[in-house]
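Q: my questions are about this predicted structure, shown below with the sequence.
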Amino acid sequence: MDGGWQHLDYFAFVALFCIGLYVVLAKSNLVKKLLGLNIMETSVFAFIVTSGMVDGGTAPVVGPGIDAPFASPLPHALILTGIVVAVSITALALALIVEIKRQCGTIEADELKGAE
Amino acid sequence: MRRLLTALALAIVGAVMLAGLAGLPRPGDPAAPVHTHVAAHIVAHGVEDTGSRNLVTAVLLAYRAYDTFGEVVVIFAALAAVMVVLAPAAAPPPGKTAPPPSPAPAVAPSPVVGFVIRLLAPFIAAFAALVLWHGEALPGGGFQAGVILGALLVLLSVVMGRGLEQPLVPAAAARWLQAAGPLAFAAAMLIGLAGAGAVLGLPAEPAWGRHAVLLLLELGIGLGGAAIILGLYLQMRGH
């Protein structure tokens, strides 16, 4: 509401997401597309983790002498799940790319369209 | 034409996201919904509910244990799928003109790299153990420890030149280690059913029981994660 300057952190994630989306859309190489997908995932992770932050807060680990406000633990746990799923997606996609290269001899999406 | 469409798609997505951001509370606002509903309850009662001082671990292994169970199954399924896709039997059909796969060049890492990795290996392993063991009291946990240990195993595989034929971990043991995460969750489900009357519940009577279950889950996730990362690497390297 204050001219949007307080959302500056969030704007960075929008920019990162758009960079990843650009790579996915504009590049023909399948590995580059996968990298773009990873950039998009990273921007979402950073966005959600940032939303759990609190002014002057610390990591949500309770202990003696730690009395400050805690960052919300929920986004952290959710994003941990998301990261694991992202790793799984990356691994499976890389395996598929290896197989595509072996079967068709190329990993360029443009050439694949003409190959079949 | 394609560039125009790409730019258009980017502009639309960016505009929608920016418009959505305008309605969000600013980052760090203590009154934001993310801090006031479930999170407030977890921060207030998490330690007595689960016995874990790390609230992220409490959410991951107690409040949302089903979620984590699904996560462990997902990464296990990813390894299984990669093994199926890259099965050695899937040779290219003879009609295709695919170039024969060039044999992986036997790159001997420089002696310096090899020595440094061998020197650091025990310390990396000790760090992984610390991250795993203190996952309920310090920032850390099973997944993080699994990634550190998995990276160490991959590094050592590179240095020692171990491939699919001579894996670092014997194949018979690797099978069980790769399934360690789901197996640990199965055990925790049985323990919870017997001790707390609920699947994945934490037994309340012995004070150490809850810690034992959490540690079991962390161990399963950590060892399973490391074995799966090594397995993925070996599968990819085999080609």
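A: Thanks, I have the structure now. Residues are numbered from 1 along each chain as shown, chains lettered A, B, ... in the order given.

Q: is any residue of stretch A:17-24 near chain B?
A: Yes: against chain B, stretch A:17-24 shows contacts by CB under 8 Å from any CB of the partner chain at A:Phe17, A:Cys18, A:Leu21, A:Tyr22. Every residue, glycine included, has its C-beta placed from N, CA and C.

Q: which ones among those are found in helices?
A: When DSSP state H defines the helices, the subset of those inside them is A:Phe17, A:Cys18, A:Leu21, A:Tyr22.

Q: quick one on the thing from earlier: between the residues of stretch A:17-24 next to chain B, which has the most around it?
A: Comparing the residues of stretch A:17-24 next to chain B by number of neighbours (other CB atoms under 10 Å in any protein chain shown), A:Phe17 comes first, having 22 neighbours.

Q: quick one: buried residues of stretch B:20-37?
A: Buried residues in stretch B:20-37, defined by neighbour count with 16 or more other CB atoms under 10 Å in any protein chain shown: B:Leu21, B:Leu24, B:Pro25, B:Arg26, B:Pro27, B:Gly28, B:Asp29, B:Ala32, B:Val34, B:His35.

Q: secondary structure element holding the first one?
A: Taking DSSP states H and E as the criterion, the element that holds B:Leu21 is helix B:2-22.

Q: contacts for the helix or strand just after that helix, please.
A: Toward the C-terminal end, the helix or strand that comes next after helix B:2-22 (DSSP H and E) is helix B:33-36. The contact list for helix B:33-36 (CB atoms under 8 Å, 6 or more residues apart in numbering or on different chains) reads A:Ser51, A:Gly52, A:Val54, A:Ser72, A:Leu74, A:Pro75, B:Pro25, B:Asp29.

Q: point out where chain B drops to low pLDDT.
A: Scanning chain B for pLDDT under 70 picks out B:88-109, B:136, B:163-165, B:204-205, B:239.

Q: what ranges do the strands span in it?
A: Assigned by DSSP state E, the strands in chain B number zero.

Q: gap between the helix with the most length in it and the chain center?
A: Using DSSP H to define each element, chain B has its longest helix at helix B:207-237. How far helix B:207-237 lies from its chain's middle: 8 Å, per CA atoms, centre = their mean, to the nearest Å.

Q: how close does B:Ala39 sit to B:His211?
A: 24 Å (CB to CB, to the nearest Å).

Q: okay, those two: which has more neighbours?
A: With neighbours defined as other CB under 10 Å, B:Ala39 and B:His211 compare such that B:Ala39 has more, 24 against 15.

Q: who are the contact partners of that one?
A: Residues near B:Ala39 by CB under 8 Å, 6+ apart: A:Gly52, A:Ser72, A:Pro73, A:Leu74.
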